[in-house]
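J.: predicted model and sequence follow; I will ask about them next.
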Amino acid sequence: MTALPTQDDVRAAAARLAGRVIHTPMLRHALLDEITGGQVFVKPEPLQRTGSFKFRGATNAVLQLDFSTRAQGVVTHSSGNHGQGLACAAAAAGIPALIAMPADAPAIKVEATRRWGAEILPFDRATTDREVLAARLATERGMTQIPPFDHAHVIAGQGTLALELLADAGGALDAMVVCTGGGGLIAGCALALDGTGCDIWAAEPEGWDDYGVSLRAGQRIGNDGRGSLLCDALLSRKPGEITFAINAHRLAGGVAVTEAEVFAAMRFAFQHLKVVVEPGGAVALAAVLAGHVPTRGRRVGLVLSGGNVDPAVFAAALAA
């Protein structure tokens, strides 16, 4: 395992990304405070370039490749958001990108990734080891692999959103709730908020709650892969090796949300915050609205991690 990133790495990433990523605004809503009994500070990453937080980590990683390595291009596997983020970062650097994506990935994510000029290679989600596939492609093409979450530079880049939220909230946070798949975003947030006394909670979809299970067990435990595919952005089979090493002793715990709670959160974000959020991007809000994490009398940050939702899925959420 490579050296773990530090809080200093997150701060360095923030300086490196200044002017390259959007400092997304902080959102508040009186109804959200009323429901939770606390003060809730929302970080809306659907407003980030490519529609999710993933652009932060991808850009931070690409910028740290030396010139000759960068020129050979980058490769990754992704259900969509990391692929878009890396494709955009590669386009900005003027280098090729190859993205292996599940054949059943939402069409909106596949099309957006291709628009940035990336080459798309579809694979079967159920039968393909995506990490092995990406490693093989990197070797065959001579490209550098930039994984979606288990990478020090990616993790540091993702943590920059927590630094922004902490500054915009005007004071310390008692808790932070983060949408969690492989754990890169929450690891970056944990590093950014280290030493501030903030309780950090992983929010996951039911059936894909490997982080909560692993935290309780004290070791990495994978999902069986048979859960719902609604939250396609969060369908990692197991916590990352690097991310779990960071998160295991920093997180307060993990909570799982139902599909109904996810749809309710998507509706709330649309009706009251005026933000379109994809299912995976809504799980932290779902956890807060459903009362799965303690909020009464507390200052709570939460991340809306992405907004690249298939129109039919969004319509179903609004109609539910």
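T.: Received, thanks.
J.: what segments of the chain are strands?
T.: Applying DSSP state E to the chain gives strands spanning 39-44, 74-77, 97-102, 119-123, 144-145, 175-179, 199-205, 253-257, 299-304.
J.: nearest to Phe270, of those?
T.: With respect to Phe270, and counting by Cβ to Cβ, the nearest of the strands of the chain is strand 299-304 at 11.0 Å. Bear in mind the C-beta positions are built from the backbone N, C-alpha and C, glycine included.
J.: how far out from the middle of the chain is that closest one?
T.: Strand 299-304 has its C-alpha centroid displaced from the chain centroid by 14 Å (Cα atoms, centre = their mean, to the nearest Å).
J.: which of the strands of the chain sits closest to Ala316?
T.: With Cβ to Cβ, the closest approach to Ala316 among the strands of the chain belongs to strand 199-205: 15.4 Å.
J.: show me what the closest one packs onto, helices and strands only.
T.: Strand 199-205 makes packing contacts with strand 175-179, helix 184-192, helix 210-217, strand 253-257, helix 283-289 when contacts are defined by 3 or more Cβ pairs under 8 Å, 6 or more residues apart in numbering; DSSP states H and E.
J.: can you lay out those as JSON lines showing distance to Ala265, mean neighbour count and mean pLDDT?
T.: As requested, these are arranged in JSON lines below (distance: least, Cβ to Cβ, whole Å; neighbours: other Cβ atoms under 10 Å; pLDDT from 0 to 100):
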{"stretch": "strand 175-179", "distance to Ala265": "10", "mean neighbour count": "29", "mean pLDDT": "98"}
{"stretch": "helix 184-192", "distance to Ala265": "17", "mean neighbour count": "31", "mean pLDDT": "98"}
{"stretch": "helix 210-217", "distance to Ala265": "18", "mean neighbour count": "20", "mean pLDDT": "97"}
{"stretch": "strand 253-257", "distance to Ala265": "8", "mean neighbour count": "22", "mean pLDDT": "98"}
{"stretch": "helix 283-289", "distance to Ala265": "4", "mean neighbour count": "29", "mean pLDDT": "98"}
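J.: good, wrapping up.
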